[in-house]
Every structure is written in structure tokens, then in C-alpha cells.
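**Q** below: sequence and its predicted model.
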Amino acid sequence: MGAIAAAVQACRKRIAAACAEAGRYAECARLLAVSKTFSAEAIREAHACGLTAFGESYLSEALGKLDALADLPLEWHFIGPLQSNKTRPVAERFAWVHGVEREKIARRLSEQRPATLPPLNVCVQVNVSGEASKHGVPPEQALSLAHLVASLPGLRLRGFMAIPESSTDIATQRIRFSLPRILLEQARAEGLPVDTLSMGMSADLESAILEGSTMVRVGSALFGARHYQEEGELP
Ligand SMILES: *Cc1c(COP(=O)(O)O)cnc(C)c1O
């Protein structure tokens, strides 16, 4: 078995064990393979292991891979920070955007989504770490942005995404993941048709699943350590 196949199997086991511990059904959390910095060939290998959803953070790098892999039925998720002058290719070529944090970005994505495609699936990114992160809306603004996304014709609101400040302490991880879970419950109570909590990465997917994650975004645990090409390119 190749390295990626073994890693996919190990990761599926971790997800299944966490779902069991949480008392949730075995496939309660989807595995989004985060392929940023990894080659189209690595993605082909992961697809051969049964993975179909891939996450990318850097637009130009991603578009090259979308072209190279156009023969495969892959579902592409844009998970990086998105500048307003770069929304069009995302609206035209991706199925999901996880990091929507501004009304302007949401409106542009909706306007630019081709009418021939289903609405773009969107998660509102919530800043659960306060000063420690510059990305995401403050929790108290997340519901109003969610309502706005839900009202736009080119978008389909799916839920919330969060990248908490990392911690090796399980209790701390869980407290940080509980906030998006509470927001999802509030959104439901307000009548929003949400079904997705995008949270948990290689180091903390178990805690995220225990707090209700429905999609874990896993990169290094599947593909190995990342090597960035240029300085300043870190997410
Ligand atoms: C890179 C990245 C991941 C994957 O992180 P790993 O620790 O390699 O699993 C998940 N989510 C986002 C938004 C990322 O940028």
C-alpha cells in the first residue's frame, strides 16, 4: 500500500473512532482532503483511495490543479482567505467556499456564480480566537452574515467554519470548537437551513467531531508535511 493509501485508511479510522466516542454515526464527518502545496499526482492517488472532495487555499496554484485534473469527478472547496478581486474564478470553478467573512465577498460570489451551476455552497468563517486570528467574523456578527448569505440567489448557506488557535490540550480544543456548534444551533433556531460545521484539522479532528463537526479539513495527516515555495505564502 502506498503512503497516501495508508494515511487515508488511518484517517478514516480516526474519524470513525471519534464519531463512535461522540455517539454519532460512523460517517458523521466528511473528510475534506486539503491538497494545498501538493501535486496533482498526489490528488490522483488520493482519489484512487476513494476521496472526492479536495480543499485548496491559493488560487493560482489551485486553478492549475483543477485544469490538470479536469478528467476526474472531483468536488473542489476553496478554504483560503479570499480577496474581492479574486472571487470570479472561485465562483465559476469551485463547489464550496469555506472562508466567507465579509458581505462584499458574499455578494460578489453570488453575482459571479454562473446560472448554469447549482448555487455555491458557503460556510461563514467565525473567528473563535479573538485577537489571535485576523480571519473570520466575530461570533456576534456571524448570524447576520449567515442570514445575508442565505438571501443571495447564487449562494447556498451550509453553515460555519472555524480555525481555532491551536492547543494541545483536549479540553481547550473542545471549548474552542463548542462556539461554532452553538452558533449552528442558533442559526437553526432562527430558521436557517444549515447542516455543516467545517472544523477540525490533522491535529485536532477528534475534538472537533466531539463538538459536532460535520466536515474535517485534513492536509498533513494525509499527504505529509507541507513545504512552501515562497516566504510569506503561509496561510
Ligand atoms: C492547511 C489547512 C488545513 C489543513 O491543515 P492540516 O493541519 O495540514 O491538516 C485545514 N484548513 C485550512 C483552512 C487550511 O488552510
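**A** Sure thing, it's come through. These numbers come from a predicted model, not from an experiment.
**Q** show me where this protein has its helices.
**A** Counting by DSSP state H, one finds helices in the chain at the ranges 3-21, 40-48, 59-68, 87-93, 103-112, 139-151, 170-189, 205-210, 220-223.
**Q** and the last one, how far out from the chain middle?
**A** Same thing as helix 220-223. Here the centre of helix 220-223 is set off from its chain's centre by 15 Å, with CA atoms, centre = their mean, to the nearest Å.
**Q** you'd agree residue 92 is up against residue 111?
**A** No - proximity of residue 92 to residue 111 does not meet the contact threshold set by CB atoms under 8 Å, at 11.6 Å. (C-beta placed from N, C-alpha, C; glycine too.)
**Q** on that earlier part again, quickly compare the helices of the chain and say which is most buried.
**A** Among the helices of the chain, ranked by average contacts under mean count of other CB atoms under 10 Å, first place goes to helix 205-210 (a mean of 24).
**Q** so, low pLDDT: which residues of this structure?
**A** Within the chain, the ranges that satisfy pLDDT under 70 run 229-235.
**Q** write out the residues of the protein neighbouring the ligand.
**A** 34, 36, 57, 79, 163, 201-203, 217-221, 235 (CB under 6 Å from any ligand atom).
**Q** buried subset of the residues you listed as a ChimeraX selection?
**A** Those of the residues of the chain next to the ligand that meet the burial criterion (16 or more other CB atoms under 10 Å) are gathered into one ChimeraX selection, given here:
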select :34,36,57,79,163,201,202,217,218,219,221
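**Q** let me have the residues of the chain next to the ligand in TSV, extended by distance to residue 17.
**A** Compiled in TSV, the residues of the chain next to the ligand are given as follows (distance: CB to CB, whole Å):
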residue	distance to residue 17
34	20
36	26
57	28
79	24
163	23
201	17
202	15
203	16
217	18
218	14
219	20
220	19
221	14
235	28
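**Q** show me the residues of the chain next to the ligand that map onto strands.
**A** Applying DSSP state E to these, the entries found in strands are 34, 217, 218.
**Q** spit out the contact partners of the last one.
**A** Residue 218 is in contact with 11, 31, 32, 33, 34, 200, 201, 202, 205, counting by CB atoms under 8 Å, 6 or more residues apart in numbering.
**Q** repeat the analysis, applying 6 Å as the threshold.
**A** Contacts here follow CB atoms under 6 Å, 6 or more residues apart in numbering; on that basis residue 218 touches 11, 202.
**Q** if we can go back for a sec, any chance of the helices of the chain in CSV, with distance to residue 127 too?
**A** Output for the helices of the chain, formatted as CSV (distance: least, CB to CB, whole Å):
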stretch, distance to residue 127
helix 3-21, 24
helix 40-48, 30
helix 59-68, 22
helix 87-93, 20
helix 103-112, 15
helix 139-151, 7
helix 170-189, 10
helix 205-210, 16
helix 220-223, 23
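**Q** go through those and name the closest to residue 128.
**A** Judged by CB to CB, the one of those that comes nearest to residue 128 is helix 170-189, at 4.8 Å.
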